[in-house]
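Trainee: Structure for this input, please:
(2 chains)
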Amino acid sequence: MLEQMRPDASDGADDRELAAAARAGDHAAFEALVRRHGAALYRYARRMTGDSDAVNDIVQETFVAAWRQIANFRAESSVRTWLFAICARKVVDSHRVKKAIPIDDRLIEPASADRGSDPFAAASNSAFLEAMELALSELPPRQRAVWLLREVEELTFPQIATILNLSPDGARGHHHRARNTLQQRLVQWR
Amino acid sequence: MAIGDYDAIDRAARVLRVLPEPGWDAIEDDVIAAVRSTPRGGWPLLVEDPLPDSAPGVLRVSELVLGTLLSRALTDDPDSRVTDIRIGSEESALHSISVELSGRYLADLPAAVERARARCEQVVAEVIGDVPGLSIDVTVTDVHR
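Mentor: Okay, here's the model as predicted:
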């Protein structure tokens, strides 16, 4: 019978199944979780820190810690929320959090002076996205973290609150302030 | 940009979401290698010696190995998904296996439970051998479509 088992049936499995299998000891199931969530954790860590070596370490340490701790994961939160919570702690512990750096307004001036133009079409995304990244780097770390988790990772405020150890209302407040700041910083692009 | 008009920012967020992360691609294999080289403690379980008295000593297998094989044996059932597996032992002797399943809505769940139990028995027989008094508890605790 053992020879007939599928060695890795992780492709169609949901996170909860993979976590259960990994908890039982299955490396392949955990590796499927790594492959599924690695890019998102990397994306978050990269925008929260200013050092690419630190990002690599943070993401690797996140998954190593998750593997060690998965026996205690009992699905009170989703796997994704749990992984982000570990990653967010690693970001803070790294002491490499990218501080908010005020930038020269000229750096986020639009490529086109035409206020009616579509920034994505006019600048083929890249210039606008560069300005967006700069504006994001201006945000205080907690606001940046909340905005990224909400808008880029599409997590709910209660999930974000769990990840960042905030109240859901606190997360909403940080998100509101981040959004207003981004709106002001990118007003020229409209 | 008018007050409350976040269209450009919303669109930027969507773009940021789907941008490739070449940095991740570059380290993915290293991260997996690091996880593979990280040991996790599991209780040893005594294995019935297939050739008793042929050599001195005892055979043991980690509960993580048994857990892995149980989870893989239970993976491909069309009517259930495993949500938890727990292995109980005392002084290295396996005494219980507890499996929690999510059952497919409207499926024949008693049959799925019996299949899961039979697969557990088969895996234990092949990995550990005969385990008198072994308790295998299979419970459906959730339902999915």
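Trainee: what's the closest non-adjacent residue to A:Arg142?
Mentor: Leaving out its chain neighbours, the residue that sits closest to A:Arg142 by CB to CB, 6 or more residues apart in numbering or on different chains is A:His174, at 5.5 Å. C-beta: built from backbone N, CA, C; applies to glycine.
Trainee: Select the longest helix from chain B.
Mentor: Ranked by residue count, the top helix of chain B under DSSP state H comes out as helix B:109-127.
Trainee: circling back to that earlier point, so where does the residue nearest to A:Arg142 fall, helix or strand?
Mentor: Using DSSP states H and E, A:His174 sits in helix A:168-185.
Trainee: looking just at contacts, which helices and strands does that helix meet?
Mentor: Contacts defined by 3 or more CB pairs under 8 Å, 6 or more residues apart in numbering or on different chains; DSSP states H and E place helix A:168-185 against helix A:126-138, helix A:141-147, helix A:157-164, helix B:7-18.
Trainee: Relative to A:Val92, how far out is A:Asp53?
Mentor: Per CB to CB, to the nearest Å, A:Asp53 is found 17 Å from A:Val92.
Trainee: Could you pull up the residues touching the most centrally placed residue in chain A?
Mentor: In chain A, the centroid-proximal residue (CA atoms, centre = their mean) is A:Tyr44; its distance is 3.0 Å. The contact partners of A:Tyr44, by CB atoms under 8 Å, 6 or more residues apart in numbering or on different chains, come to A:84, A:87-88, A:91, A:145, A:148-149, A:152-153.
Trainee: and which of these is nearest chain B?
Mentor: Of all those, chain B sits closest to A:Val152, with 5.0 Å by CB to the nearest CB.
Trainee: Go ahead and confirm the closest one touches B:Asp10.
Mentor: No - look at A:Val152 against B:Asp10 with CB atoms under 8 Å: they stay out of range, at 11.0 Å.
Trainee: More neighbours: which of those two?
Mentor: Using other CB atoms under 10 Å in any protein chain shown, the more surrounded residue of A:Val152 and B:Asp10 is A:Val152, with 21 against 12.
Trainee: Okay, domains of chain B per the record?
Mentor: Listed by automatic domain parsing, the domain ranges of chain B are B:7-36, B:44-144.
Trainee: before we move on, what about chain A?
Mentor: With automatic domain parsing as the criterion, the domains of chain A are listed as A:13-93, A:105-189.
Trainee: okay, which residue is most central for chain B?
Mentor: Short answer for chain B (CA atoms, centre = their mean): B:Ser71, at 4.2 Å.
Trainee: and the longest helix anywhere in chain A, how far from the chain's centre?
Mentor: Longest helix in chain A, counting residues (DSSP H): helix A:27-48. Here helix A:27-48 is found 10 Å from its chain centre; the criterion is CA atoms, centre = their mean, to the nearest Å.
Trainee: do stretch A:15-32 as well
Mentor: Chain-centre distance of stretch A:15-32: 22 Å, with CA atoms, centre = their mean.
Trainee: Am I right that B:Ile97 falls within a strand?
Mentor: Yes - B:Ile97: assigned to a strand according to DSSP: H, G, I helix; E, B strand; the rest coil.
Trainee: Which of the three states applies to the closest residue in space to it that isn't next to it in sequence?
Mentor: With sequence-adjacent residues excluded and distances taken as CB to CB, 6+ apart, B:Ile97 is closest to B:Ile136, at 4.8 Å. Per three-state DSSP, the local secondary structure of B:Ile136 is strand.
Trainee: Hmm, A:Arg16 is touching A:Ser77, no?
Mentor: No - the criterion here is CB under 8 Å, and A:Arg16 misses it with A:Ser77 at 11.2 Å.
Trainee: Low-confidence regions, chain A specifically.
Mentor: Applying pLDDT under 70 to chain A flags residues A:1-12, A:98-125, A:188-190.
Trainee: picking that back up, which of the domains of chain A is buried the deepest?
Mentor: The highest mean neighbour count among the domains of chain A, using mean count of other CB atoms under 10 Å in any protein chain shown, belongs to domain A:13-93: a mean of 20.
Trainee: how long is it from one end to the other?
Mentor: End-to-end distance for domain A:13-93, by CA to CA, to the nearest Å: 32 Å.
Trainee: can you pull the contacts of B:Ser62?
Mentor: Shown in contact with B:Ser62 (CB under 8 Å, 6+ apart): A:25, B:42-45.
Trainee: nope, A:Tyr42 is what I meant
Mentor: For A:Tyr42, the contacting residues are A:55, A:59, B:21, B:23-24, B:27, by CB under 8 Å, 6+ apart.
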